[in-house]
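I need the structure of the sequence given here:
(chains A and B, ligands or ions: 2)
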Amino acid sequence: MSTSLKINGKTHDVDLPEDVPLLWVLRDEIGLTGTKYGCGVAACGACTVHIGETAVRSCQVALGDVWDDVTTIEGLGTPETMAVIQAAWVENQVAQCGYCQSGQIMQAAALLTENDSPSDEDIDLAMQGNLCRCGTYPRIRAAIHTASAKMKEV
Amino acid sequence: MSRIGKIARRSFLIGSVAIVGGVAFGAYKINQPAPNPLKPESGQTALNPFILIDAQGVTLIAPRAEMGQGVHTTWAALIAEELDVALEDVRVLHGPAGKAYYNSAMLGEALPGKGYDTSAFLHSVGGALGRIGRLVDLQLTGGSSSMKDGFVRMRETGAAARETLKQAAATRLGLSRDELKTENGIVIAPDGSRFTYSELAEDAAGITPPDVTLRDPSEWRYLGKSTPRIDVVGKSTGTAQFGIDTRLPGMKFAALRANPRLGGGMKGFDASAAETMPGVEKVVDLGDAVAVVAKNTWLAQQALDMVEIDWEDAPYPPETDQLFDAIARSFDEKPNSAMRDDGDAETLPDGANELTAEYRVPYLAHATMEPMNATALHDGIALDVWCGNQDPIFQQKKCAELAGIEQENVRIHTTLMGGGFGRRAELDFASYATLLATQMKGTPVQLTWSREEDMRHDFYRPGAIGRFRGAVKDGRAVLLDGQIAAQSVMGQSLKRYAGISPMGPDKVHVEGAFNQPYGIPNYRIRGYLTDLAVPVGSWRSVGNSHNAFFHETFIDELAHAAGRDPLDFRIELAQGVHAPSVGCLEAVREMSGWTGKTPDGVGRGVAFTYSFGTPVAEVIEVVDEDGTIRIRKAWIACDVGTALDPSIIKAQMESGLIYGLSAACFGEITFAGGEVEQFNFPDYDALRLHNTPEIETRILETNPYLGGVGEPGTPPSMPALGNALFDLTGKRARSLPLSKEFDLLA
Ligand code: FES
Ligand code: FES
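Ligands and ions are numbered 1, 2, ... in the order given. Next up, the predicted model:
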């Protein structure tokens, strides 16, 4: 049985059992490898994508349960046309190894959609599910503030 | 000038060679050029190059692996600085396995000195010893050594390339080289005519690179300034390719299960239930592990859970307590080392106050964000392996051996790494992928560890015990006698990587304790090695990661016993021994507004460690918030000699501190029935954004030598936190992790 998904504005028909997590559909079937596997148990946030406007852990959403359009890091912006938040990440030189950053950015983007002027407490609350073993947290916080300021300018 | 001095100055020669449509510049090693690692296209004869120039522009072959530490950016800046190209115009590729890419600085670290007292003469010897790197295939990213290694070599190669290109233009114009200038990839003649490097490249190939003088740091355009990382856009847009992102036509996905009783064998398995599951292609016997190959990684993981495997027992005592009993028993054996033995550590000085303490730290996992993985394709003759790794030559050798083919038929493609921290120097991921690929000839297969498999099959930071005895008199330390017992990381890892069994004193085992720049008249550090088969490996800062906690907690205990401020006490100990270390301690005093007093509900601690050539002082502040303790602030001062890229150094210091604090707060690997009890991040957590302190970093540049930056931030963080908790609660932290005894914000 095939499931139809709209990802980054494009429709994909996926022929896989309905219980396969969205993460693996993205990575191993469709080839969108920007979304990362870190834990598989909702404990690291590396797999964060948007379903509709909500940030979700794609390792926890079964293919059959995807309820709306999916946006991954590749759909947020490209190297040539970065989203405001991605440009803020570059401006603050956040990434070290970079492996967690897709998830961090998707989580932060959803926060900013909901609240365009998050306080440090709001950031703490929204971001604590996203692990970074390189410890880029100080720059993640700075980048969220940069993005918030930029988004209000326009 | 001694012979050693001569060798050191001539330890490499810059050479050039023609490639199709261009030229390659690189360094020959003394004695003879190492075999060329690049497999040139037909007609090309590249040497061991660092720079390629052709119609596409300038490409840097980076012999060091990028695992987040920013090495590619700084290596590119070193080249661009002398070559006169815009940094953004330099492309960087990971180098293939090649002996010419030896790590000269790392071997220098193997010298007997403490480091901070190394004379300029010994530094030259270190450079000369670097050539041993070639003999033992030490193309290794680690030991915080990349910049020490590349600092001169990369700039000289860049300068030689620039002068050769100028010579090519000069010959064309019938002018002398001195009359020409270079700017942003272009040679400019006095009459204003311009030649791009690309158009001169083929001519340059026929010219022997002239001798060069390096530019004075005052003329630097890139070095010494924060430059945008060349990998940052890719890593902010999901387009950076890690090992786990390798995708090849027709590729299959596989999951691995090895014996959770580490190193034990496999008696047999029953895969009948797994084999019939949808999407499963095959179940493969890897000798001491099983792999399931499927349509995607998740299906492979699910099917693997259905395989029933009969494992052998662990080759070590199965419970944590038994392991620590064995570690404690090594104190009864002969010491392996006494790397420091000043004065008389046996006798208690007259009228001195004696103090003893025992410290314990647990085994630790690396828990890199990207789980271990490798992708391999065996086409029947040659083997290609794609993986993030810190040592491609070791990987290549091992894979060749396992596949039963010649080393030159193995190509290691080094990808970006989602964290290394020492874990990706191991050979297990490429090895299992090779074993799998040899049973699936013609089909590329990606083998990925589940997080659980990764956590439970690490090469752990060894558990360790420190026994310290010391004495104070008239407010000063007059005796420090430390003993350290643990498994030997070097003993195990050199055996695994290169089949070498090191003998003699194990310096890494006691680093962070024996080599601290403190003047204590009676000062001895002895190391005891524990013979256990628990797999152990290099974990960010290696021996320093446990010894700094022992040593700097004990220094704090001595300061308190002496009735002294712990920061003053340390400054006094370092005074007259190592000025850059004093400078770091003074800097954190000023930055943190240290007074030695803290209000109720606030605690502060300081610690200092000299490691990888860099002294680092850290102050940590903790606050009691209704019974929960939060780490509120941290101040770091480091002296790296020359700050090649301040933004990257600052990021590395913060990263090192957070990595150390994560372990100090929550990190612990324990064993039951021979199996690791931690499975995933909920059992082995780390600091997250909400409980990471605000961090201020100051970079000093008085150190006469270039120090490492990737690791030195880690060691002092753990004792600084313990010392802060003592200040807050009056309870002395003598074992880790601290969350067992203190109510830390999780
Ligand atoms: S992989 Fe989904 S939260 Fe970690
Ligand atoms: S940047 Fe490496 S895990 Fe976050």
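
Name the SS class of the residue of chain A found nearest chain B, please.
The nearest approach of chain A to chain B comes at residue A:34, 2.2 Å away (C-beta to the nearest C-beta). For the C-beta atoms, the positions are set from N, CA and C on the backbone; glycine is no exception. Per DSSP: H, G, I helix; E, B strand; the rest coil, the secondary structure class of residue A:34 is coil.

contacting residues for the closest residue to residue B:171 other than its chain neighbours?
Distances taken as C-beta to C-beta, 6 or more residues apart in numbering or on different chains put residue B:203 closest to residue B:171, at 7.1 Å, once the chain neighbours are dropped. Going by C-beta atoms under 8 Å, 6 or more residues apart in numbering or on different chains, residue B:203 touches B:168, B:171, B:172.

Would you mind splitting the chain into its domains for me?
Assuming you mean chain A. Structural domains annotated on chain A: A:2-75, A:77-153, as defined by automatic domain parsing.

ah, no, chain B please
Listed by automatic domain parsing, the domain ranges of chain B are B:3-236, B:243-314+B:372-448, B:320-364+B:460-740.

what would these look like in a markdown table with mean pLDDT and distance to residue A:96?
Conversion of those to a markdown table gives the following (pLDDT from 0 to 100; distance: least, C-beta to C-beta, whole Å):
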| stretch | mean pLDDT | distance to residue A:96 |
| --- | --- | --- |
| domain B:3-236 | 71 | 3 |
| domain B:243-314+B:372-448 | 96 | 8 |
| domain B:320-364+B:460-740 | 96 | 6 |
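
so the residue nearest to residue B:171 is in which element?
helix B:197-204 (DSSP states H and E).

Using PDB, write out every CA atom in that helix.
The C-alpha trace of helix B:197-204 is given here as PDB (Å, rounded to 0.1, in the frame of the first residue of the first chain):
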ATOM      1  CA  TYR B 197      46.800  31.500 -10.900                       C
ATOM      2  CA  SER B 198      44.700  29.100 -13.000                       C
ATOM      3  CA  GLU B 199      46.300  30.200 -16.300                       C
ATOM      4  CA  LEU B 200      49.800  30.000 -14.800                       C
ATOM      5  CA  ALA B 201      49.300  26.600 -13.200                       C
ATOM      6  CA  GLU B 202      50.600  24.500 -16.100                       C
ATOM      7  CA  ASP B 203      53.700  26.600 -16.500                       C
ATOM      8  CA  ALA B 204      54.400  26.500 -12.800                       C
END
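
how about the helix or strand just after it, does it reach ligand 2?
Sequence order places helix B:232-236 as the next helix or strand after helix B:197-204, per DSSP H and E. No - counting by C-beta under 6 Å from any ligand atom, ligand 2 is not contacted by helix B:232-236; separation bottoms out at 7.5 Å.

Can you spell out which helices and strands pack onto helix B:232-236?
helix A:84-91, helix A:101-114 (3 or more C-beta pairs under 8 Å, 6 or more residues apart in numbering or on different chains; DSSP states H and E).

in it, what's buried?
For helix B:232-236, burial by neighbour count (16 or more other C-beta atoms under 10 Å in any protein chain shown) applies to B:232, B:233, B:234, B:235, B:236.

again with stretch A:21-36
A:21-30, A:32-36.

On the three-state scheme, the closest residue to residue B:682 other than its chain neighbours is what?
Among residues not flanking residue B:682 along the chain, residue A:43 sits closest, at 5.3 Å (C-beta to C-beta, 6+ apart). Taking three-state DSSP as the rule, one finds residue A:43 in the coil state.

can you map out the helices along chain A?
A:22-24, A:73-76, A:84-91, A:101-114, A:120-127, A:137-153 (DSSP state H).

Any part of the second one near chain B?
Yes - where contact is defined by C-beta under 8 Å from any C-beta of the partner chain, part of helix A:73-76 touches chain B, namely A:73, A:74, A:76.

is it true that the first one touches residue A:36?
So that's residue A:73. No - contact between residue A:73 and residue A:36 fails when scored by C-beta atoms under 8 Å: they sit 9.1 Å apart.

Now for the two: what residues contact both?
Shared contacts of residue A:73 and residue A:36, defined by C-beta under 8 Å, 6+ apart, comprise residue A:102.

List the contacts of the residue lying closest to residue A:130 once chain neighbours are set aside.
Leaving out its chain neighbours, the residue that sits closest to residue A:130 by C-beta to C-beta, 6+ apart is residue A:45, at 3.4 Å. By C-beta under 8 Å, 6+ apart, residue A:45 lies in contact with A:38, A:57, A:100, A:103, A:104, A:107, A:129, A:130, A:131.

7 Å instead?
A:57, A:103, A:107, A:129, A:130, A:131 (C-beta atoms under 7 Å, 6 or more residues apart in numbering or on different chains).

any idea how far residue B:281 is from it?
Distance from residue A:45 to residue B:281, counting by C-beta to C-beta, to the nearest Å: 31 Å.
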